[in-house]
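[1] Here is a sequence together with a model predicted from it:
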2 protein chains.
Amino acid sequence: MTSNVLQFGTKLIPVSTTFLRTSLSYAVVNIKPIVPGHVLVCSLRPAERFKDLKSDEVADLFQCAQRVSTAVEKLYDATSVTLAVQDGPEAGQTIRHVHVHVIPRKAGDFFMNDDIYVELQKHDKPDADGTVKGLRSVRDMEEEAAKLRKIIESTSV
Amino acid sequence: MTSNVLQFGTKLIPVSTTFLRTSLSYAVVNIKPIVPGHVLVCSLRPAERFKDLKSDEVADLFQCAQRVSTAVEKLYDATSVTLAVQDGPEAGQTIRHVHVHVIPRKAGDFFMNDDIYVELQKHDKPDADGTVKGLRSVRDMEEEAAKLRKIIESTSV
């Protein structure tokens, strides 16, 4: 039986919210994106740090990130893409599982171009009451995943 | 005859300031790092956008970035690493040549963790008089490159 969840750190991700999967990596829409189309590409194996990945895992992770960046740039009518890895707690990593943030960009999307990183830093942090606000519904995430899956499939060789 | 420069967009980089080179990628110290150890990993072929890289170039670029991130984390006594690609002008790219920023991180290095990206955004922009201030000497860059080369060589398989 195929599992309908994937591991992301200590969390479980519904496969229905993913839109690309290889033998070593998967891509998933974000429960709290900082802009529409902000998605994640993760190693399938829950390695904590970038240095923990094997050579073929590194290759596959970023080959997936490349396909994903083309897809989100297209779906969200963007003209550029930010890719970022917060590798370790002092780099802002909260989920201890290697993942690449892929963020479609367009002119004027942030007041200062790199305010995006300030948002990236705080977007999944809990408020004073200990809860993370503004999380999306699974239904909403599944709809986005389906659109991205379609683009990825149409551009696959 | 081997060239003593490498292309980086429209610029030429002295090979003496590089510290890792493969058939597809190279790593170079930064003329204006935002923190000590902020270095760049570039595709050898001067492709402009991430999507322009071939599959083996993507793999090699990030396999190099992985080796480099381990080296700068070690040399600069860091505990985390930020990796970022500004892919296109709306993502802050100034040099039109695919490159990965590799930035060693430690606790308290920036007032707010992701102020690092604000610095990344403005660090190589000219002042009002049109010049970029605070550039390092080639000598200084060569010394850093030599230290990193030594670490990379000692950890190569």
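    Alright, I've got the coordinates.
[2] Mind jotting down where the strands sit in chain A?
    For chain A, applying DSSP state E gives strands covering A:5-8, A:11-14, A:18-21, A:25-29, A:39-43, A:80-87, A:99-105.
[3] Contacts for the last one next, please.
    Outside strand A:99-105, the residues that touch it by Cβ atoms under 8 Å, 6 or more residues apart in numbering or on different chains are A:8, A:27, A:34-43, A:61-62, A:65, A:68-69, A:72-73, A:75-76, A:78-86, A:116, A:120, B:88, B:90-91. (Each C-beta comes from the backbone N, C-alpha and C, glycine too.)
[4] Check the longest one too.
    When contacts are taken as Cβ under 8 Å, 6+ apart, the neighbours of strand A:80-87 outside the stretch itself are A:49-51, A:65, A:69, A:72-73, A:91-94, A:98-106, A:116-117, A:120, B:50, B:69, B:80-93.
[5] Buried members of those residues into ChimeraX, please.
    Restricted to the buried members of these, where burial is judged by 16 or more other Cβ atoms under 10 Å in any protein chain shown, the ChimeraX selection command reads as follows:
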select /A:49,50,51,65,69,72,73,91,92,93,98,99,100,101,102,103,104,105,106,116,117,120 /B:50,69,80,81,82,83,84,85,86,87,88,90,91,92,93
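[6] Report the central residue of chain A.
    Closest to where the C-alpha atoms of chain A average out (Cα atoms, centre = their mean) is residue A:40, at 0.9 Å.
[7] Would you mind measuring from the residue nearest to residue A:142 when sequence neighbours are not counted to residue A:25?
    For residue A:142, the nearest residue in space outside its immediate sequence neighbours is residue A:16; the separation is 4.9 Å by Cβ to Cβ, 6 or more residues apart in numbering or on different chains. The gap separating residue A:16 from residue A:25 is 18 Å, by Cβ to Cβ, to the nearest Å.
[8] Neighbour count: these two, which is higher?
    Regarding residue A:16 and residue A:25, a neighbour count based on other Cβ atoms under 10 Å in any protein chain shown identifies residue A:25 as having more, with 26 against 15.
[9] gap between the closest residue to the more buried one other than its chain neighbours and residue B:154?
    Excluding its sequence neighbours, the residue lying closest to residue A:25 (Cβ to Cβ, 6+ apart) is residue A:64, at 4.5 Å. Computed with Cβ to Cβ, the distance linking residue A:64 and residue B:154 is 31 Å.
[10] So the two - more neighbours on which side?
    residue A:64 (24 against 9).
[11] Show the secondary-structure elements that the longest helix seen in chain A is packed against.
    When chain A is scanned for its longest helix (criterion: DSSP state H), the result is helix A:55-75. Contact analysis of helix A:55-75 by 3 or more Cβ pairs under 8 Å, 6 or more residues apart in numbering or on different chains; DSSP states H and E lists strand A:18-21, strand A:25-29, strand A:39-43, strand A:80-87, strand A:99-105, helix A:138-155, helix B:55-75 as its packing neighbours.
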